[in-house]
Structure formats: structure tokens, C-alpha cells
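Novice: next come a sequence and a model predicted from it.
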Amino acid sequence: MKFFDAFKKRITGDTVSESVAEEKPNTAPEPKSQRTRKPKPQVSETPAVKKSDKELATERGEPWVGIVSIDLDPDNVGNGAFELDWNDIFLAKLVRAGFQGKNDQQIVDQWFQSICRNILLETFEQYEANEPRAIVRRDLGNGRSENY
């Protein structure tokens with residue numbers, strides 16, 4: 001504390017009151033034999049490896065599927081491909097749901113196609129609901145008519 005007080009006095013010109021200087025009595029340090037050493041924390045030699053979402057889901061027993069990459073044709077962005085990854089639990093769920101194929105890729109591809117088909121059908125149904133087509137009736141004669 002004396003060093004700090006001397007430094008403060010030199011910078012600011014203030015003097016430290018004697019009561020402050022007397023608050024901390026001058027004590028001798030403990031001998032080395034009486035000091036206790038704190039054990040150093042153990043540091044793992046191998047760094048912790050962060051698990052992927054797929055590994056975490058598999059450990060929890062949950063189905064998992066994810067998009068690894070999307071490749072688009074630079075000349076026609078309407079053409080492209082998805083690369084998917086999945087765990088065995090997801091594959092088993094697809095098989096139980098009735099998807100079939102010769103290998104895992106065919107089963108997952110069948111599932112992905114059904115997802116895309118459902119999106120297309122929903123979009124078409126929504127389009128039809130928002131903009132209904134006018135029904136044109138044409139008389140063909142003999143009591144018959146044609147609607148288009």
C-alpha cells in the first residue's frame with residue numbers, strides 16, 4: 001500500500017492520511033513450510049470434439065435428416081440437386097411408413113420426391129382456390145354438352 005500511496009502523492013500531490021496508512025498492520029509473510037499448495041486443474045490432452053446434429057439426434061434416439069449441399073445449374077437455376085444426409089433411425093421410420101427401395105438412397109429419394117410432390121399439389125390447389133377457372137359450357141346437340 002505504501003508504494004501506491006507514494007505514487008498517488010507524486011501524481012496528484014495529495015497526502016495520504018495516517019489513519020489510512022495505519023489500517024493495515026505490517027505482517028510478516030508465512031513461512032514456506034506452512035503454506036498449502038492448491039492442486040492444478042487437470043487439463044485434458046485431447047480437445048473436446050463437438051458432436052454434429054446427426055450424432056446428437058442419434059444418441060437421443062430421434063430421426064434426423066439434413067441438407068448437406070445444394071447444387072444449382074448456373075445457366076438455369078430451375079435445375080439443381082440436393083445432397084441429403086440422414087441417420088438410421090430416420091431410414092427405419094421411412095420403411096415403417098411404407099417407403100420402399102433397393103437401397104437407402106432410393107428410399108430417401110422416394111420420400112423426398114413425395115415431399116416435393118405434396119408441395120406442388122398444395123401450391124396448385126391454392127392457385128385454383130384463389131383464381132378459379134371460368135367454366136365454359138358448349139352445347140354439342142342431342143342433349144349433350146361439353147364443359148371446359
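Specialist: Received the coordinates, thanks. Numbers count the residues shown, from 1 in each chain.
Novice: now the helix or strand where Trp111 lies: buried residues?
Specialist: Element membership for Trp111 (DSSP states H and E) is helix 104-130. Neighbour counts over helix 104-130 (16 or more other C-beta atoms under 10 Å) mark Ile107, Val108, Trp111 as buried. (C-beta placed from N, C-alpha, C; glycine too.)
Novice: again, but for stretch 56-74
Specialist: Neighbour-count burial for stretch 56-74 flags Ala57, Thr58, Trp64, Val65 (criterion: 16+ other C-beta under 10 Å).
Novice: SS state for Lys54?
Specialist: Secondary structure for Lys54, judged by DSSP: H, G, I helix; E, B strand; the rest coil, is helix.
Novice: where does the nearest residue to Asp109 once chain neighbours are set aside land in three-state SS?
Specialist: Distances taken as C-beta to C-beta, 6 or more residues apart in numbering put Gly101 closest to Asp109, at 7.2 Å, once the chain neighbours are dropped. In the three-state summary, Gly101 is assigned as coil, counting by three-state DSSP.
Novice: measure Gly101 to Leu120 for me?
Specialist: Shown here: Gly101 relative to Leu120, a distance of 21 Å by C-beta to C-beta, to the nearest Å.
Novice: kindly report the same for Leu94.
Specialist: Here the criterion is C-beta to C-beta. By it, Leu94 lies 20 Å from Leu120.
Novice: repeat for Gly80
Specialist: Gly80 sits 16 Å away from Leu120, going by C-beta to C-beta.
Novice: quick one: the helices in this protein?
Specialist: Ranges of helices in the chain, per DSSP state H, are 2-12, 18-23, 53-60, 88-96, 104-130.
Novice: just checking, what packs against the last one?
Specialist: Using 3 or more C-beta pairs under 8 Å, 6 or more residues apart in numbering; DSSP states H and E as the contact criterion, the elements in contact with helix 104-130 are strand 80-86, helix 88-96.
Novice: is it possible to get a markdown table of the ones you listed that adds distance to Lys51, mean pLDDT and mean neighbour count?
Specialist: Below are those laid out as a markdown table (distance: least, C-beta to C-beta, whole Å; pLDDT from 0 to 100; neighbours: other C-beta atoms under 10 Å):
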| stretch | distance to Lys51 | mean pLDDT | mean neighbour count |
| --- | --- | --- | --- |
| strand 80-86 | 14 | 94 | 13 |
| helix 88-96 | 16 | 97 | 15 |
